[in-house]
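Trainee: Here's a sequence, model it:
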Amino acid sequence: MNRRNFLIGVGTAATLSGAASVTGAALSNTVSTTFGGVRVVATEELTVRRNGTLVEQDVLRSNENFTNESIDFSEIGSDSPVDYTDFPKLFVNNESDGSLVVELATSGDETEPYNTNLSSGGAEPYNGTLSYGYAPLVIENTGAKQKDIALEYQYGSDVGGSLSKSQVAEIYNFHIDTTQISPLSSSPDSEGNTVSIGSGQTKPVNLNLNLTEATARDIQSVVGSPGQYDFSQASRERADILDTATFGTVT
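Mentor: Here you go, the predicted structure:
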């Protein structure tokens, strides 16, 4: 199977809400929201929502790396209304917290510039610190005190064996300003670096993709078996490798 013909997906159909407990990290007071089928969790005095700039500047309709319609992963293929040549695609709805939905699909081709980070000479459509990029999310501190926040991951069932947690942490890099708040590849089971957000302050949350050739090979090794996500008829296959992203206050 050619690496160009499989998808790395974040998000399917599930919507999760209500209380969520966090173990193994120094994060507190969490409530869950939705990141496509992936749970995003934020503290009760933090709000995560869509970046309003995406609507103000009509980015969801006019930018080839965004879409204003939910991504139906089951329909991606040779006859799909989703244009395979324009990946990555990102959708985010106009909700917050328990109703927030974010979906991301990208190809397994590590040579595509949007799939590599800037240090590798790539381009980042979801990095609002760049003149051409847009942060998909913002996070607001609605509490009365400054908060030090970070992000932790719960990895998918395809992770382990040939595909490590460190590789997944390397693929999905969430940043506030220039600080990576998601787990580092060197410590994938820990929360990322902290960023301080003052009371009433709102910060854009950027996403950088960093797919290396080695990781693309290892993802390829865990996709393709018959089952729910068997896209053999369309020569497309998908790997879901991240279950939960947790925004929280570091204590």
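Trainee: Strands of the stretch 51-200 of the chain, start to end?
Mentor: With strands called from DSSP state E, counting those that start in this stretch, the stretch 51-200 of the chain shows them at 89-92, 102-107, 137-141, 147-155, 172-176, 179-180, 195-197.
Trainee: Confidence-wise, which of those strands is weakest overall?
Mentor: Taking the average pLDDT of each of the strands of the stretch 51-200 of the chain, the minimum falls on strand 102-107, with a mean of 79.
Trainee: That one vs strand 172-176, what angle?
Mentor: Going by axes from the mean of the first three to the mean of the last three C-alpha atoms, to 10 degrees, strand 102-107 is angled at 130 degrees with respect to strand 172-176.
Trainee: circling back to that earlier point, select, out of the strands of the stretch 51-200 of the chain, the one closest to Asp218.
Mentor: With respect to Asp218, and counting by C-beta to C-beta, the nearest of the strands of the stretch 51-200 of the chain is strand 147-155 at 13.4 Å. (Each C-beta comes from the backbone N, C-alpha and C, glycine too.)
Trainee: Going by neighbour count, list what's buried in that closest one.
Mentor: For strand 147-155, a neighbour-count test (16 or more other C-beta atoms under 10 Å) marks Lys147, Ile149, Ala150, Leu151, Glu152, Tyr153, Gln154, Tyr155 as buried.
Trainee: who wins for proximity to Thr53 among the strands of the stretch 51-200 of the chain?
Mentor: strand 137-141 (8.9 Å).
Trainee: does Thr194 really touch Val250, like I thought?
Mentor: Yes. Under the criterion of C-beta atoms under 8 Å, Thr194 is in contact with Val250, at a separation of 5.0 Å.
Trainee: where do the contact lists of the two overlap?
Mentor: The overlap between the contact sets of Thr194 and Val250 (C-beta atoms under 8 Å, 6 or more residues apart in numbering) consists of Asp148, Ile149, Ala150.
Trainee: The last one: what's its closest spatial neighbour, skipping adjacent residues?
Mentor: Same thing as Ala150. If the residues on either side of it in the chain are set aside, Ala150 comes closest to Glu191, at 4.0 Å by C-beta to C-beta, 6 or more residues apart in numbering.
Trainee: what residues does stretch 206-213 touch?
Mentor: 8, 88, 90, 104, 106, 108, 110, 114-118, 120, 122, 124, 126-129, 133, 135-137, 167, 170-176.
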